[in-house]
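> fold the stuff below for me.
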Amino acid sequence: MDRKPLGRTGIMVPDMCLGTMTFGTQTSEGEAHRQMDMALAGGINFVDAAEMYPVNPISKETVGRTEEILGNWNAANPSRRGDYVLATKHSGEGFMHARGGAPISKETIPETVEGSLRRLRTDCIDLYQFHWPNRGSYMFRKNWEYAPKGGNRDEVLAEMHECLEALQAQVDKGNIRAFGLSNESAWGTAQWLRQSEETGFPRVATIQNEYSLLCRLFDTDLAELCLFEDVGLLAFSPLATGLLTGKYQGGAVPEGSRMSLVPQMGGRRTGRVFDAVAAYLEIAERHGLDPVHMALAWCRGRPFMTSTIFGATTEAQLEHILGGLDLVLSDEVLREVNAVHRAFPMPY
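Modelled structure (predicted):
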């Protein structure tokens, strides 16, 4: 694996990151702890969580459970907390299971950071991310009918300023080391960067957006902005919630899989997506590649990528992923991938 800088923070991370959103629902605590051990042994010492996790399904009763599971691992392995980079997230406006759906603000940041620290049983969060912007986002299939909210620009910028000031206070306390965004746009990222340059408050280090062979919204304006401004992408759903593994082809719905729990896959299950998947699977077969390894290697090779966040429901899935860490795709494979993208752009 390559190791990449986390923005301009001086923190280095591997280009693969263990996602934990199933810890506490699909993945039991015991299995989650074994995955932590396995990932670290395999060189993946970057772990991503969120206060709202686990998912599949999301419920009021389980909010924070993923952080608690990681916290229990930290408590059982006190000497190993320094062995990995820990990221988590502050839920945005409208998430009714936390703070009654309140937006991210100078008032919510201190209590939310302290809550995550308490559940994670750690003194410091290495990367603290805003899960989605208060003003809304075009992510999660909202791009098809997306229209930016109007309103008062100065109020939005003042809110950003207050949030950065609150984050600075958390940095000064030693509670967090770095700041990242998630589900953000080019304009939003640019404004956060400008505010930090003007104030000296924490600078955006990363942006965690969906990115895969089937979802390439990042490839245009955000790609250029982030490449030139040293804001690395943390790609979530690089396997397109399992679609790119091929396990759902031909109408198959394996028991216990995400599709068995969330049939529409968050809007990803469309009439076009299975043909697109089939085309990528054909490339993998033609070149003797494992489709999981191919999809992840493609993500990792993008010039703006800092780390690719994958989820493994089981230890067997994690072991399978670890077996493909050395794969580098040939120019021929990359040309064929681009041809499929032209034929099946934005299949969901």
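
> nearest residue to residue 76 other than its sequence neighbours?
Spatial nearest neighbour of residue 76, excluding adjacent residues (CB to CB, 6 or more residues apart in numbering): residue 33 at 7.4 Å. For the C-beta atoms, the positions are set from N, CA and C on the backbone; glycine is no exception.

> name the element that neighbour belongs to?
Assigned by DSSP states H and E, residue 33 falls within helix 29-41.

> helices or strands up against the following helix or strand past that helix?
Using DSSP H and E, the helix or strand that follows helix 29-41 in sequence is strand 46-48. Strand 46-48 sits against strand 16-19, strand 85-90, with contacts defined as 3 or more CB pairs under 8 Å, 6 or more residues apart in numbering; DSSP states H and E.

> show me the one of these that comes nearest residue 111.
Taking CB to CB, strand 85-90 is the member of the helices and strands packed on strand 46-48 nearest to residue 111, at 10.1 Å.

> and whichever helix or strand comes after the closest one, what does it pack onto?
Per DSSP H and E, the first helix or strand lying C-terminal to strand 85-90 is helix 108-120. With contacts taken as 3+ CB pairs under 8 Å, 6+ apart, helix 108-120 sits against helix 65-76, strand 85-90, strand 125-130, helix 153-173.

> tell me which of these sits nearest to residue 304.
Nearest to residue 304 among those is strand 125-130 (17.0 Å), distances taken as CB to CB.

> that closest one - contacts with which helices or strands?
Secondary-structure packing of strand 125-130 (3+ CB pairs under 8 Å, 6+ apart): strand 85-90, helix 108-120, helix 153-173, strand 176-182, strand 204-210.

> how about residue 202, what does it touch?
164, 167-168, 171, 178-179, 196 (CB atoms under 8 Å, 6 or more residues apart in numbering).

> sorry, back to before: just so I know, which of the helices and strands packed on strand 125-130 lies nearest residue 241?
Among these, strand 204-210 sits nearest to residue 241 (CB to CB), with 9.5 Å.

> can you say which of the helices and strands packed on strand 46-48 is nearest to residue 203?
Going by CB to CB, the one of those nearest residue 203 is strand 85-90, 16.0 Å.

> from the chain's centroid, how far away is that closest one?
Distance, stretch centre to chain centre, for strand 85-90: 10 Å (CA atoms, centre = their mean, to the nearest Å).

> I'd assumed residue 123 was in contact with residue 74.
No: using CB atoms under 8 Å, residue 74 is not in contact with residue 123, being 10.1 Å away.

> more neighbours: which of the two?
Counting neighbours by other CB atoms under 10 Å for residue 74 and for residue 123 shows that residue 74 has the greater number, 17 against 9.

> if we can go back for a sec, of the helices and strands packed on strand 46-48, which approaches residue 252 most closely?
Comparing those under CB to CB, the one sitting nearest is strand 16-19, at 23.3 Å.

> ends of stretch 145-160, how far apart?
26 Å (CA to CA, to the nearest Å).

> list the contacts of it.
The contact list for stretch 145-160 (CB under 8 Å, 6+ apart) reads 103, 105, 134-136, 138, 187, 191-192, 195.

> filter the residues you listed down to the buried ones.
Buried residues within these, counting neighbours by 16 or more other CB atoms under 10 Å: 103, 134-136, 138, 191-192, 195.

> keep only those of these that are in helices.
191-192, 195 (DSSP state H).

> and these as TSV, adding distance to residue 232 and pLDDT?
Below are these laid out as TSV (distance: CB to CB, whole Å; pLDDT from 0 to 100):
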residue	distance to residue 232	pLDDT
191	18	98
192	14	98
195	19	98
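
> for these, which one is nearest residue 37?
Checking these against residue 37 with CB to CB, the nearest one is residue 192 at 35.6 Å.

> my guess is the closest one contacts residue 206. True?
No: using CB under 8 Å as the test, residue 192 is too far from residue 206 to be in contact (11.4 Å).

> circling back: how about the helices and strands packed on helix 108-120, which one is nearest residue 309?
Evaluated with CB to CB, those place strand 85-90 nearest to residue 309, the distance being 9.0 Å.

> ok, residues contacting the closest one?
With CB under 8 Å, 6+ apart, strand 85-90 has contacts from 6, 11, 13, 17, 45-52, 67, 70, 104, 108-109, 112-113, 116, 120, 122, 125-131, 180, 182, 208, 234.

> what's the closest of the helices and strands packed on strand 46-48 to residue 240?
Nearest of the helices and strands packed on strand 46-48 (CB to CB): strand 16-19, 13.5 Å.

> and for residue 192 and residue 206, which residues touch both?
Common contacts of residue 192 and residue 206 (CB under 8 Å, 6+ apart): residue 181.

> for residue 114, what are its contacts?
So residue 114 contacts residue 175 (CB under 8 Å, 6+ apart).

> still on that earlier bit, from the contacts of stretch 145-160, pick the one nearest residue 320.
Top of the list for closeness to residue 320, among these and by CB to CB, is residue 138 at 32.5 Å.

> pretty sure that closest one contacts residue 186?
No: counting by CB under 8 Å, residue 138 sits too far from residue 186 to count as a contact (10.6 Å).

> okay, now residue 83: neighbour count?
The tally of other residues near residue 83 (other CB under 10 Å) stands at 9.
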